[in-house]
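Colleague: Got a predicted structure plus its sequence, pasted below:
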Amino acid sequence: MAQVRYAICGHPVSHSLSPLLFGLVISNLEKFGRNIEFKIKKSKLELVDTSAIEDALGWGYAGHTPNPPQWEYTGAPFGKYRTEALVQKALEAALEIEDADARLSSSFESELEEQEVQSHSYLVQAQLKHLPTHCLENEVWLNLTSPLKHQLSSEAVSTIDDSMSLQSVNALRWDGQAWWCAGVDGSGVVTVAQYHGVQVGKGALLGVVGGGGAARGTVDAWLKAGGTVRLFAGKRLLEIPLEFESDDSDRPLDFAIDFDGQGEHDDAFSSCKIRLNPRYKILEGDIDSRIEHLLGTPLDGRWMLVAQHLESWRRLWAPQYAAYLPSIGLLLTQLVHAETVLNSYA
C-alpha cells in the first residue's frame, strides 16, 4: 500500500483549504476499495510556510517543518491531535454526502460529457510523457502558491507541460525516483468556465487582470483550449512565451477573472455575467448560506481551488484514477459540509 505525503507550500498558507480537499479526494477514492493504492490513514497532510522553493523541496525530501503554522480552521498545526481529530470528523461528515447539491451541479450536460470522455485520455497522455502511472511506496505531492510558482527552474525536475517556461508551476510530485511538475491553475479556470456553460473551445472571450504565475497559466490554457483573451491593466504586465493578440473589439466578455484583487474595473469587465475571484476567505453560517455565497457573483475562489486540485490528480499525481475522481459539484458540496463541521468547533 502506497504512502503519500502532501503539503501546500508558500506564504501565507495558514488559510489554505487544500489539505482538506486532499483528504476529501483520497477518501472518496477509498470507496473503490482495492482498486486504489493508497489510504487516508497512511497519508500525511502539512502546511509549509515558506517564501523559498528550496524549503518546499526540502520538506519533500526530509518531511520536516521547523515551525509548522497553525491552521486557521482548527487553531492548531497539522500533526497535533486537535487538527488530526477535527479533520477526521469533518471528513466523516462530508463523506456521508454522496450526491452534489443540485444548486452546485452543472446544467450544461454536453460540457460535462465532453470532460468525462476526456478523463480517459489522461492516462494515455501520462504514458506518452513517461510519467509514472502507478504509485510507488513513498510519494510526495505538493501544491505551490505565491510566491513560489515562478521560482522553480531546474533541469532536475521533469515538466509535463509548459509551466516551467511560463513560471507558473503549482503542482509537484516526487515518485521516489524523480521530481515532476505541472501548472494546473489555467486548466482549472477553463474547467470552471465550462462548468458554467462557457464554450471556451468555440472562441469564448476571457477578460484577465493580473500578470503573475496564475494569470500566465490561465491565459496560456485558455488560448490552447480554443478561446480568445482580452487583457486589462493590472499591477504588472502579463508576459507569456506565446505570441497572441489581446482582443480589442467591443465584444462582451464571456468570462472574467481578476488575479490582482483590485476591486474596481471598467464597465467592460464589471458587466461580465460570469466572473471569478481566485481568492476565498473563511465562511460562517449554515450549509444553505454557504452554498448561496458560492452561487454569487463573482464566483468564490473555492470554485477554482476545487477545479485545479482535481486537475492535479488527473494530470500529475494519479492519472490512472482520473475516471474515479469526484465531480466539481460533489467535491464542492462535501467541502462546504466539512468546513461547517470545522467551524462548529472553532
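Modeller: Good, I have the coordinates.
Colleague: wait, what's in contact with residue 75?
Modeller: Neighbour list for residue 75: 82, 346 [criterion: Cβ atoms under 8 Å, 6 or more residues apart in numbering]. C-beta here means a position set from N, CA and C on the backbone, and glycine is covered the same way.
Colleague: The stretch 51-200 of the chain: strands as residue ranges?
Modeller: For the stretch 51-200 of the chain, the strands defined by DSSP state E, counting those that start in this stretch cover 138-144, 157-159, 171-174, 179-182.
Colleague: Show me the longest helix that occurs in the protein.
Modeller: Identified as the longest helix of the chain according to DSSP state H is helix 328-344.
Colleague: okay if I get the strands of the stretch 51-200 of the chain as TSV plus distance to residue 279?
Modeller: Listed next are the strands of the stretch 51-200 of the chain as TSV, based on distance: least, Cβ to Cβ, whole Å:
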stretch	distance to residue 279
strand 138-144	16
strand 157-159	27
strand 171-174	19
strand 179-182	22
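Colleague: could you dump those strands to CSV with mean neighbour count and distance to residue 41?
Modeller: Listed next are the strands of the stretch 51-200 of the chain as CSV, based on neighbours: other Cβ atoms under 10 Å; distance: least, Cβ to Cβ, whole Å:
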stretch, mean neighbour count, distance to residue 41
strand 138-144, 23, 15
strand 157-159, 17, 30
strand 171-174, 24, 21
strand 179-182, 22, 25
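Colleague: closest to residue 91 out of these?
Modeller: For the strands of the stretch 51-200 of the chain, proximity to residue 91 was assessed by Cβ to Cβ; strand 138-144 is nearest, at 17.6 Å.
Colleague: for the closest one, packing partners?
Modeller: strand 3-10, helix 53-62, strand 171-174, helix 302-312 (3 or more Cβ pairs under 8 Å, 6 or more residues apart in numbering; DSSP states H and E).
Colleague: mind redoing it with 10 Å?
Modeller: In terms of contacts (3 or more Cβ pairs under 10 Å, 6 or more residues apart in numbering; DSSP states H and E), strand 138-144 is packed against strand 3-10, helix 18-30, strand 44-49, helix 53-62, strand 171-174, strand 179-182, helix 302-312.
Colleague: State the mean pLDDT of that strand.
Modeller: What strand 138-144 shows for mean pLDDT is 94.
Colleague: could you give the angle of it to helix 18-30?
Modeller: Here strand 138-144 runs at an angle of 130 degrees relative to helix 18-30 (axes from the mean of the first three to the mean of the last three Cα atoms, to 10 degrees).
Colleague: Strand 138-144 pairs with which strands, parallel or anti?
Modeller: Partners of strand 138-144 in the sheet, by DSSP bridges, are strand 3-10 (parallel), strand 171-174 (antiparallel).
Colleague: could you dump the ones you listed to CSV with mean pLDDT and distance to residue 30?
Modeller: Rendered in CSV, the data for the strands paired with strand 138-144 read as follows (pLDDT from 0 to 100; distance: least, Cβ to Cβ, whole Å):
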stretch, mean pLDDT, distance to residue 30
strand 3-10, 93, 12
strand 171-174, 96, 20
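Colleague: With respect to residue 162, which of the ones you listed lies nearest?
Modeller: In terms of Cβ to Cβ, the element of the strands paired with strand 138-144 nearest to residue 162 is strand 171-174, at 13.5 Å.
Colleague: ok, which stretches of the stretch 151-300 of the chain are helices?
Modeller: 163-166, 185-195, 213-224, 267-270, 287-294 (DSSP state H, counting those that start in this stretch).
Colleague: list the helices and strands the longest one packs on?
Modeller: For helix 213-224, the elements it packs on are helix 163-166, helix 185-195, strand 205-209, strand 228-232, strand 255-258, helix 302-312, judged by 3+ Cβ pairs under 10 Å, 6+ apart.
Colleague: Identify the residue spatially nearest to the residue positioned nearest the centre of the chain, adjacent ones excluded.
Modeller: Nearest to the geometric centre of the chain sits residue 308, at 2.6 Å (Cα atoms, centre = their mean). Excluding the flanking residues, the one nearest residue 308 by Cβ to Cβ, 6 or more residues apart in numbering is residue 188, at 3.0 Å.
Colleague: how about low-confidence regions in the protein?
Modeller: Residue ranges of the chain with pLDDT under 70: 1, 109-119, 263-264.
Colleague: And the closest residue to residue 3 other than its chain neighbours, how close does it get to residue 168?
Modeller: If the residues on either side of it in the chain are set aside, residue 3 comes closest to residue 42, at 4.7 Å by Cβ to Cβ, 6+ apart. Distance, residue 42 to residue 168, using Cβ to Cβ, to the nearest Å: 31 Å.
Colleague: okay, these two: which has more neighbours?
Modeller: Set residue 42 next to residue 168 and count neighbours by other Cβ atoms under 10 Å: residue 168 wins out with 29 against 12.
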